[in-house]
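1. coordinates for the following, if possible.
(one chain, ligands or ions: 2)
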Amino acid sequence: MSSTSPAIASSVTPGPSATPVATRESWLLEATARLAASVFSPLGYTVPPIQVSVGYASTGLRSSAIGQCWSRASAEDGLNHVFISPSLGSAYAVIDTLAHELVHAVDDCQHKHGKAFKTIALAIGLQGPMRSASAGPALKKRLEALLVELPPYPHGRIKWSPRPRVTVSPPRARCEQCGYRVSVPKRFLHLGPPMCPVHKSAMETLGAWEHT
Ligand SMILES: [Zn+2]
Ligand SMILES: [Zn+2]
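-> Ligands and ions are numbered 1, 2, ... in the order given. Okay, here's the model as predicted:
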């Protein structure tokens, strides 16, 4: 069956005000342009030109990463390269993940999920732990409105998923501001997360704090 057959074409019928798109990359570039113009730009943040594709993160199939952004210095074309996991099927999950990755692109991946990232992320309306920050209620409404203007996301989710891990990662703590990390012995978990020696603020908990 050719890619221009009616059956295929109808599965990507564009929305009312949208330009038809044939590939996931063109959809992602269009979504990027709209996010840049309507979410980042009004706050004074410039989304740089990016490459954006569907692909698994370099952390591998077993990682829980659903998106990845590479710094400009990592690529020969000097652009940020963003990858959106093929395990995401819904257009909403994709644009939500894209918004998170664009924060990394604005920061050129210089501060991971630290303070500079958090400032931009919170400003555009992401919330939750920064490593998995996703749209809060206000940004969610705007993303849903953007999706109405975009054609359907032309992708079928890859259904493979890793078997749940049976090993639980040991309890650790990490400073969200500077990345300082320590392991925390189980017998001290009840005292709560330690303070960062630099920032004197409570560190983020990682690993199995709840499994004690
Ligand atoms: Zn991130
Ligand atoms: Zn710190």
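
2. what does the pLDDT read for Thr19?
-> Thr19 carries a pLDDT value of 60.

3. in the chain, which spans are strands?
-> 50-54, 67-70, 80-84, 126-127, 134-135, 172-174, 181-183, 204-206 (DSSP state E).

4. closest one to Pro197 among those strands?
-> strand 181-183 (9.3 Å; CB to CB). All C-beta atoms are positioned from the backbone trio N, CA, C, and that covers glycine.

5. low-confidence ranges, this structure, go.
-> Where the chain drops to pLDDT under 70, the residues are 1-21, 162, 164-166, 211-212.

6. please parse it into its domains.
-> 10-149, 172-206 (automatic domain parsing).

7. could you dump those to CSV with distance to Ile158 and mean neighbour count?
-> Conversion of these to CSV gives the following (distance: least, CB to CB, whole Å; neighbours: other CB atoms under 10 Å):
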stretch, distance to Ile158, mean neighbour count
domain 10-149, 4, 17
domain 172-206, 28, 15
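
8. among these, which comes closest to ligand 2?
-> Among the domains of the chain, domain 172-206 comes nearest to ligand 2, with 3.2 Å by CB to the ion.

9. can you tell me the distance between the two ends of that closest one?
-> From its first residue to its last, domain 172-206 covers 5 Å (CA to CA, to the nearest Å).

10. so how far is it off the chain centroid?
-> Relative to the centre of its chain, domain 172-206 is centred 24 Å away, using CA atoms, centre = their mean, to the nearest Å.

11. then stretch 68-80?
-> 16 Å.
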